[in-house]
Every structure is written in structure tokens, then in C-alpha cells.
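1. mind looking at a prediction? Sequence and model below.
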Amino acid sequence: MRYQKPKGTADILPEESCHWQHIETVAQEVFGNYQYHEIRTPLFEQYEVFARSSGDTSDVVSKEMYDFQDKGQRHMALRPEGTAGVVRAYVENKLYGPEYVRPYKVWYHGPMFRYERPQAGRQREFNQLGVEALGSDSAALDVESIAMAVEYLRRLGLKKYRVVLNTLGDQTTRTAYHQALLTYLEPLKDKLSSDSQTRLTKNPLRILDSKDPQDQKIVAQAPSILDYLSPEAQSHFQQVQELLQALQIDFEIDAQMVRGLDYYNHTIFEIMVQSQAFAGREMTIVAGGRYNGLVAELGGPEVAGVGFALGVERLLLLLENEQVPLPQISGPDVYLVNADAASSVEVTRLLNELRQRGISAERDYLAKKVKGQFKQANRLQARYTLTIGTAELAAHQGRLKRMRDGKELTVDLTQLADLIAEVRKG
């Protein structure tokens, strides 16, 4: 039987994993500068963690979530996104207590799972980087999230993107807008897709996010939420815009934009990129916003939150298409050439000692002849070769060769510090 990876998953081979490590390292550096620290949560949670936070009318819960009964007949789910698990950890560990600084800032990375049709930059097992800040409803924190996302893309080498904003307002706003949407959409119910007809009775705001072409024509004429903002929601959104202008971050407002999960309110944003990586279509590369109320929904106090997430696979596709330089696998500093069988023990001992002293080193394990070992050193792009044979061992010496130009010198194997100094000096 020939085994294959499940549909919608990918093997990340070493040549690619160094790219992943790069974007994670840059994330750690950028997010760390903003005082966000890494958190790691389980790959699966109780089903209700995601159902309560994302909303049962969202596509994530109603269509895409991998849920299952475990051996104890508990209803569990693989995580489809990162925020709910972070908020659950925040509540369970009482990270809102007086001993913790507010806002409580964390970032995460790792695999998520959604059952959907695989396509470029979208898999059933996919990876996200995300940040969350809990404990403040300041507009300045909304802007910090946006600024941090922009800075992260800049550090990676991306320049062409659009920052798009909207607000979903507070509860007063949502109540008024909910009624306005119903008034507009109910007479058009028969023209809506079957999914949107269901959403009409449960959460009409979700219809604005429909991908159905007929639905999109209908919602294009729908009332704008910006006309229903409460004074408090209007003030918050205005502050966000003013602070972004102060930071000279260009943005556009899209009053029809909503998020795919129900927990969002007030500021929402997306960073959009048009690229041949996505067949010339414009795609969302970063998405996020404010979610006041989610902590309380998962059993905690009334604590505000804001954050964003981005898809790693989609980001890598974009970086490669835009020809942004990415690191490659590096070869060893030294390849030890075993000139004869008698020197094998010394090669093994020296190899181990070099590695212990921080030198990347490799040797032959396939009993290749000397010529074959040099070819292997070339294939690995070793910086140096160090040839050791019976004659060299008798004199406690080795022949060190710099591979880029063939320059050779004899080194004293009893003075390993000198050898290491030569290698590091280059």
C-alpha cells in the first residue's frame, strides 16, 4: 500500500522549514519589541470554546470545524483559529488578576484546522501567527495592533499592501444596525442564498461576509453600519483614524467589511495584497480587530481584547512570488575527510569536539573514498574541509582547505583552539 499525506495538508521539508523559521524569528523580534510574549495553547479544546466564541452561524463552526467525540464521550474540536484558545487560557489561569500587568500581551504560532476546499495559500491544516492584547479598550491599543502588523510585513520585505478599516460598533450600534439590516433584507429573502436565508434569522450581519455573487449584489446596497454608530462607537473609531494618521499609516474605510467570526466588535481591519501568488486576485494577508466581551463569554470578567492573525502558508507564497530574499539551509563549517580507515576513530572524536565548541561539522558515513568525500563536502557547501589520515595523525596534524578558493594550510590538531579560530575567521 502506498501511503500519502491527507488532502489539504503539506510536508514542510528542510529546504522550506528554514523559511518558516525565518518568519517566526522575525515575528519574535518584532512582537517582542512591542512587549508581546509567546503563549502556547493545546491543538484541541472543548467544542464549546470555539462554538461560543466564533458563533454557531459562522462558517468556521457550521461547516469547517473538525469536531469529534473522545473516548470519554466529550465533544472536542481541533482548533480552527487561535484567539479562542488564548482567551480560554487567560480565563482559566486568571491572568486578569492584580498581579498581572494590563494589557496582557501574547503572541502565538502553530497549526490550525478547517475542513474546506484546499487551494493556494489555504489548506485544511494551516499555520497562523497571531497576537492578542487583553485588558484595555483603548483605541491606541487597536492602532498598536495595526502598526505592529505593518511593521512585521515591512521587516519581512513586503511593501505593496492596503490597510482596510471598519467598525462593528458597540452593542447599542449593533442593535440599531441589526434592525436596519433586517428591514432591508427581509423583503429580499427569496433572492438570498440558502446559507444567507438561515443567517437572516440568526445573525444577519454574517450575510455581509457572504461569498455568493447574488448575495454580494444585494449587500452592496445594504445600509452602512457607519450611519448607526453610537456616540461612543463613533468616538472610538475616530480616535483610531487620528492615531493612524499620526503614525502616517495609510488606510481605507470599507463599511461593508465584517469578520468571519462573531466575537468581533468596534475596530476591525484587514491588510490586503494583490499578487500573482494568488492568480492576480487581492487576498487578505492579515486580519484582526477588537473583541470586547469574548472573555466574559468564556467565563471571565468583562475584559476588553484586540489582536490579529495571519496565515503562514499564504505569507510564504507571497514572499516567494515577490522574490523577497529568504534564508537557505547553511552547510557545515567544516567537513572532516577521513583519508583511511585507521583515522576513523580520531575523525569521530574530533568531529564531536568541534560540535561541542560551537562549530558546525560533518563527516562521511557511507565509506566513500576521499574523492567522493570531497564531492559530498561540495554538495553540502561546506566552508572548509579538514583531511585526516594515518600520516597526519602520526604528526598530530590535518590539512585544512578553504573551499571557496582552494587555499590550504596545515593545522596542529593538538591546538584545537587555533583551528577553531581559523574557521571562525574565515
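-> That came through, no problem.
2. I'd like the average pLDDT over stretch 333-345.
-> Mean per-residue pLDDT for stretch 333-345: 93.
3. what comes into contact with that stretch?
-> 347, 350-351, 354, 359-364, 370, 373-374, 376-377, 380, 382-390, 392-393, 423 (C-beta atoms under 8 Å, 6 or more residues apart in numbering). Glycine gets a C-beta too; all of them are placed from N, C-alpha and C.
4. of the residues you listed, buried ones?
-> Buried members of the contacts of stretch 333-345, counted by 16 or more other C-beta atoms under 10 Å: 347, 350-351, 354, 359, 361-364, 373-374, 376-377, 382-389, 392-393, 423.
5. let's see which of the residues you listed end up in strands.
-> Members of those lying in strands (criterion: DSSP state E): 361, 362, 363, 384, 385, 386, 387, 388.
6. okay, those in TSV with pLDDT next?
-> Shown next, in TSV, are those (pLDDT from 0 to 100):
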residue	pLDDT
361	95
362	97
363	97
384	95
385	96
386	95
387	95
388	94
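7. per-domain residue ranges of the protein.
-> 14-170+230-321, 334-425 (automatic domain parsing).
8. any idea how far the longest one is from the middle of the chain?
-> Right, domain 14-170+230-321. 9 Å (C-alpha atoms, centre = their mean, to the nearest Å).
9. for that domain, how far is the first residue from the last?
-> End-to-end distance for domain 14-170+230-321: 20 Å, by C-alpha to C-alpha, to the nearest Å.
10. for the record, mean pLDDT for it?
-> Per-residue pLDDT over domain 14-170+230-321 has a mean of 92.
11. what about the closest residue to residue 255 other than its chain neighbours, neighbour count?
-> Nearest non-adjacent residue to residue 255, counting by C-beta to C-beta, 6 or more residues apart in numbering: residue 224, 4.2 Å away. Neighbourhood size, residue 224 [other C-beta atoms under 10 Å]: 13.
12. what's across from the nearest residue to residue 348 once chain neighbours are set aside in the sheet?
-> Leaving aside its sequence neighbours, residue 348 sits nearest to residue 363 (C-beta to C-beta, 6+ apart; 7.5 Å). Taking DSSP bridges, one finds residue 336 as the beta-bridge partners of residue 363.
13. the residue nearest to residue 255 touches residue 254, doesn't it?
-> No: in this structure, residue 224 is not within contact of residue 254 by C-beta atoms under 8 Å, at 10.1 Å.
14. who touches both of these two?
-> By C-beta under 8 Å, 6+ apart, no residue touches both residue 224 and residue 254.
15. re the thing from before, can you redo the ones in strands among the buried ones among the contacts of stretch 333-345 as TSV with distance to residue 323?
-> Shown next, in TSV, are these (distance: C-beta to C-beta, whole Å):
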residue	distance to residue 323
361	33
362	31
363	36
384	31
385	33
386	37
387	39
388	42
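16. residue 22: which of those residues is nearest?
-> Nearest to residue 22 among those is residue 362, at 22.5 Å by C-beta to C-beta.
17. for the closest residue to residue 118 other than its chain neighbours, give me its contacts.
-> When the adjacent residues along the chain are set aside, residue 118 lies closest to residue 8, with 4.2 Å between them (C-beta to C-beta, 6+ apart). Listed by C-beta under 8 Å, 6+ apart, the contact partners of residue 8 are 115, 116, 118, 123, 124, 125.
18. state the distance from residue 8 to residue 113.
-> From residue 8 across to residue 113, the span is 9 Å (C-beta to C-beta, to the nearest Å).
19. mutual contacts of those two, please.
-> Counting by C-beta under 8 Å, 6+ apart, the residues touching both residue 8 and residue 113 are 124, 125.
20. which residues touch residue 86?
-> 39, 41, 106, 108, 130, 132.
21. and it, which of the three is it?
-> Here residue 86 is recorded as helix under DSSP: H, G, I helix; E, B strand; the rest coil.
22. separation between it and residue 129?
-> Taking C-beta to C-beta, one finds residue 86 at 13 Å from residue 129.
23. shared neighbours of those two, anything?
-> residue 108.
24. leaving out sequence neighbours, find the closest residue to the residue most central in space within the chain.
-> By C-alpha atoms, centre = their mean, the chain has its centre lying nearest to residue 129, at 2.4 Å. Nearest residue to residue 129 in three dimensions, chain neighbours excluded: residue 109, at 4.7 Å (C-beta to C-beta, 6+ apart).
25. show the contacting residues for residue 35.
-> Contacts of residue 35 (C-beta under 8 Å, 6+ apart): residue 105.
26. give the contact list for the nearest residue to residue 243 once chain neighbours are set aside.
-> Spatial nearest neighbour of residue 243, chain neighbours left out: residue 143 (4.2 Å); criterion: C-beta to C-beta, 6+ apart. With contact taken as C-beta under 8 Å, 6+ apart, residue 143 is in contact with 240, 243, 244, 247.
27. I'd guess the second one is in a helix, am I close?
-> Right, residue 243. Yes: assessed by three-state DSSP, residue 243 belongs to a helix.
28. burial count for it?
-> 18.
29. measure it to residue 304 for me?
-> Distance of residue 243 to residue 304, computed by C-beta to C-beta: 17 Å.
30. what pairs with the helix or strand where the residue nearest to the centre of the chain lies, parallel or antiparallel?
-> For residue 129, the enclosing helix or strand under DSSP states H and E is strand 125-134. Strands that pair with strand 125-134, judged by DSSP bridges, come out as strand 104-113 (antiparallel), strand 305-311 (antiparallel).
31. give me the contact list for stretch 348-360.
-> Stretch 348-360 is contacted from outside by 330-334, 336, 361-363, 386, 388, 413, 416, 420, 423-424, using C-beta under 8 Å, 6+ apart.
32. go with 6 Å
-> 332, 333, 336, 361, 363, 420 (C-beta atoms under 6 Å, 6 or more residues apart in numbering).
33. try stretch 150-164
-> By C-beta under 6 Å, 6+ apart, the residues outside stretch 150-164 that reach it are 26, 30, 249, 251, 252, 254, 270, 271, 272, 273, 324.
34. again, 8 Å this time
-> 23, 26-27, 29-31, 146, 244, 249-254, 257, 269-274, 285-286, 315, 318-319, 322, 324-325.
35. restricted to strands, list those.
-> The strands, defined by DSSP E, take in 252, 253, 269, 270, 271, 272, 273, 274, 285, 286 from the contacts of stretch 150-164.
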